[in-house]
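A.B. asks: predicted model, plus sequence, below.
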Amino acid sequence: MEQLKEENKLAKTDNSKKDIEILNLQTIINDMKGTSTSNGSKGTKLEAPKQEPVNNAGKRKEKVQASSQEASQVEFSQPTNKNTRGKRKLDKVDSAEKENVISDSKHQASPPKKQKTEKETKQYIFAFSNKKDEDKQRYKEIITALGGTIVEETGKFDPRITHLLTVVGSSTVKTIGASLTHKWIIRQPDEWLAASKEKGHFVDEMPYGKRNTESIIKGKKICVVVSPHKASQAKNAAETIAEFGECTIVPTEQMNDADIVVIWEKEKPSKVPKDKTCLQWDDFLKIVHNES
């Protein structure tokens, strides 16, 4: 019986302890929530014991926050640098565009260079054939005033000329060379120079002369047969024809190989074969000058 009482007493004691523990636990929970106890009195606020792991976590959190702030600052500063560089590039581009605009305006402001016409670029270089000295002097004054030049007087043809002033019917070495090299042969020089002087520049040559544009004797073999008393004259003519006519002069010994045989006399010399076609010198000059 006593043992039973003792067990009941122990059971009550355990229950009381449990009630006390439950009450204490409830009080702690209420204090942590900031609420009061059931009797209306304000409960004592309990501070949670400082635990090292919690503090370490807080420190780690602060470090993480600090690192994130530093990272954000770095990330914010990088675009700033890029923007700065971009702005510098834009400034350079703007500056270059301004320079281009200024350069273009300079080019636009300057008037375009006037292209020279054919008359302004054309050269006028003269020689004379079968003209009197007083005529030559008068021609020289007009030619020089209009900007032309005159070559030195020689007995040979000068291929540098552009115009030969001569007379109608002239068939000198110079006229032969002028025809073979396609120069202007002005056979009415007085009229042409008078019209040019009146206009203040050299006028069109066509009404006053002719320029040969073809060479019929090019590539031909030519034999010139002359009498002894005209040998010197024939030699000069033959040399001019060979040099500027792009043909070949063959000696009389090779007459049979010639494409054209030219004779100075009206009658065919006896040394010329009868079956060989010959041309009189005047007729040959018509071929050279491409005249009908």
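C.D. replies: Sure, I can see it.

A.B. asks: by mean pLDDT, flag the weakest helix or strand of the protein.
C.D. replies: Ranking every helix and strand in the chain by mean pLDDT, DSSP states H and E puts helix 52-109 at the bottom, with a mean of 49.

A.B. asks: what's the closest non-adjacent residue to residue 288?
C.D. replies: Leaving aside its sequence neighbours, residue 288 sits nearest to residue 179 (Cβ to Cβ, 6 or more residues apart in numbering; 5.3 Å). Just so you know, the C-beta spots here come from the backbone N, C-alpha and C atoms, and that holds for glycine as well.

A.B. asks: tell me which helix or strand residue 144 sits in.
C.D. replies: helix 133-145 (DSSP states H and E).

A.B. asks: which residues does the very next helix or strand once past that helix contact?
C.D. replies: The element immediately downstream of helix 133-145 (helix or strand, assigned by DSSP H and E) is strand 149-150. Defining contact as Cβ atoms under 8 Å, 6 or more residues apart in numbering, one finds that strand 149-150 is touched by 124, 125, 126, 127, 140, 143, 144.

A.B. asks: mind running it again at 10 Å?
C.D. replies: Strand 149-150 has contacts (Cβ atoms under 10 Å, 6 or more residues apart in numbering) with 123-128, 136, 139-140, 143-144, 160-163, 165.

A.B. asks: same check on stretch 221-234?
C.D. replies: 172-173, 235, 237-238, 241-242, 245, 247-265, 268-269, 271-272, 276, 278-279, 281, 284.

A.B. asks: just the ones of the residues you listed in strands?
C.D. replies: 248, 249, 260, 261, 262, 263, 278, 279 (DSSP state E).

A.B. asks: for those, which one is nearest residue 155?
C.D. replies: The shortest gap between residue 155 and any of these belongs to residue 249, at 19.3 Å (Cβ to Cβ).

A.B. asks: mind checking the pLDDT average for stretch 263-283?
C.D. replies: Stretch 263-283 comes out with an average pLDDT of 80.

A.B. asks: same check on stretch 207-223?
C.D. replies: Mean per-residue pLDDT for stretch 207-223: 91.

A.B. asks: please point out which parts of it sit buried.
C.D. replies: Residues of stretch 207-223 classed as buried: 208, 209, 210, 211, 212, 215, 217, 220, 221, 222, 223 (neighbour count, 16 or more other Cβ atoms under 10 Å).

A.B. asks: one more: stretch 132-152?
C.D. replies: Residues 139, 142, 143, 146, 148, 150 are the ones in stretch 132-152 that count as buried (16+ other Cβ under 10 Å).
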